[in-house]
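# Here you go, sequence then predicted model.
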Amino acid sequence: MKPTIGRTVRYVAFGTPGGEYKAGAERAAIITEVDEPDNEQSAVGLCVLNPTGLFFNRHVPFGDLVGCWHWTPTA
């Protein structure tokens, strides 16, 4: 699958310094921009849906590590 604007993915959160939210928690996110449209593992811009509000981040790499995005698993 190629990342495209408007697709729903998961973002692996860094967590908060005080530990209120743990590092590695997965958050729903919507792709807002794609750095390399023909690359299936392109870095993307995201609107991350957090429990306390929205977080916008650009050039988020693909992967399973904190600070990365990956596809939402299908059932």
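Sure thing, it's come through.
# so which strand or helix has the residue positioned nearest the centre of the chain?
Nearest to the geometric centre of the chain sits Tyr11, at 2.9 Å (CA atoms, centre = their mean). Using DSSP states H and E, Tyr11 falls within strand 8-12.
# ditto for Lys2
In the assignment (DSSP H and E), Lys2 maps to no helix and no strand.
# dump the residue contacts of the nearest residue to it once chain neighbours are set aside.
The shortest distance from Lys2 to any non-neighbouring residue, by CB to CB, 6 or more residues apart in numbering, is to Glu40 (5.5 Å). (C-beta placed from N, C-alpha, C; glycine too.) Neighbouring residues of Glu40 by CB atoms under 8 Å, 6 or more residues apart in numbering: 1-3.
# ok, now Gly67?
Gly67 neighbours (CB under 8 Å, 6+ apart): 12, 14, 60-61.
# how much space between Cys68 and Ala29?
Using CB to CB, to the nearest Å, Cys68 is found at 11 Å from Ala29.
# Identify the contacts common to those two.
In contact with both Cys68 and Ala29: Tyr11, using CB under 8 Å, 6+ apart.
# Between those two, which has more neighbouring residues?
Shown here are Cys68 and Ala29; by other CB atoms under 10 Å, Ala29 has more neighbours (27 against 14).
# Whichever of the contacts of Glu40 end up buried, select them in ChimeraX.
To isolate the buried members of the contacts of Glu40 in ChimeraX, using 16 or more other CB atoms under 10 Å:
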select :3
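# could the contacts of Glu40 be laid out in JSON lines, adding pLDDT and distance to Leu49?
Listed next are these as JSON lines, based on pLDDT from 0 to 100; distance: CB to CB, whole Å:
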{"residue": "Met1", "pLDDT": "89", "distance to Leu49": "20"}
{"residue": "Lys2", "pLDDT": "94", "distance to Leu49": "22"}
{"residue": "Pro3", "pLDDT": "97", "distance to Leu49": "17"}
